[in-house]
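Engineer: need a 3D model of the sequence below.
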Amino acid sequence: MRISYDPKYDTLYLKIGEAEKVLCKEVDEDITLDMDAKGKLVGIEVLSASEHVDLAHLLPVEIRKEIARSSRRR
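Structural biologist: From the prediction side, this is the model:
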């Protein structure tokens, strides 16, 4: 699994698998599941991630530092 976070847009993506094409299934307005052609989960996108996830425990130290820097700029 690979985790990526964009602090500028507060978007978190959990890449679980690989797929050439994905079907997106919206869970709610901020959470979307990416499924492969067989219906297997390959990714999860979370918008407004800081409202849904405790990023301090999920993300590596380098990314947490970037989040702290960008929030101080606002």
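
Engineer: tell me where the chain has strands.
Structural biologist: For the chain, applying DSSP state E gives strands covering 2-6, 11-15, 23-26, 31-35, 41-46.

Engineer: quick one: strands adjacent to the last one?
Structural biologist: Partner strands for strand 41-46, per DSSP bridges, with pairing direction: strand 11-15 (antiparallel), strand 31-35 (antiparallel).

Engineer: repeat that for the first one.
Structural biologist: Sheet pairing for strand 2-6, assigned by DSSP bridges, gives strand 11-15 (antiparallel).

Engineer: Thr11: neighbouring residues, count only.
Structural biologist: By the measure other Cβ atoms under 10 Å, the count of residues near Thr11 is 15. Bear in mind the C-beta positions are built from the backbone N, C-alpha and C, glycine included.

Engineer: so the closest residue to it other than its chain neighbours versus Glu18, what's the distance?
Structural biologist: Of all residues not flanking Thr11 in the chain, Leu47 sits nearest, at 5.7 Å (Cβ to Cβ, 6 or more residues apart in numbering). Applying Cβ to Cβ, to the nearest Å, the value for Leu47 to Glu18 is 23 Å.

Engineer: more crowded one of the two?
Structural biologist: Between Leu47 and Glu18, Leu47 has the larger neighbour count (other Cβ under 10 Å), namely 15 against 9.

Engineer: show me what contacts the more buried one?
Structural biologist: Neighbouring residues of Leu47 by Cβ atoms under 8 Å, 6 or more residues apart in numbering: Tyr9, Asp10, Thr11, Glu29, Asp30, Ile31.

Engineer: okay, now the last one: neighbour count?
Structural biologist: As a burial measure, Ile31 scores 16 neighbours (other Cβ under 10 Å).
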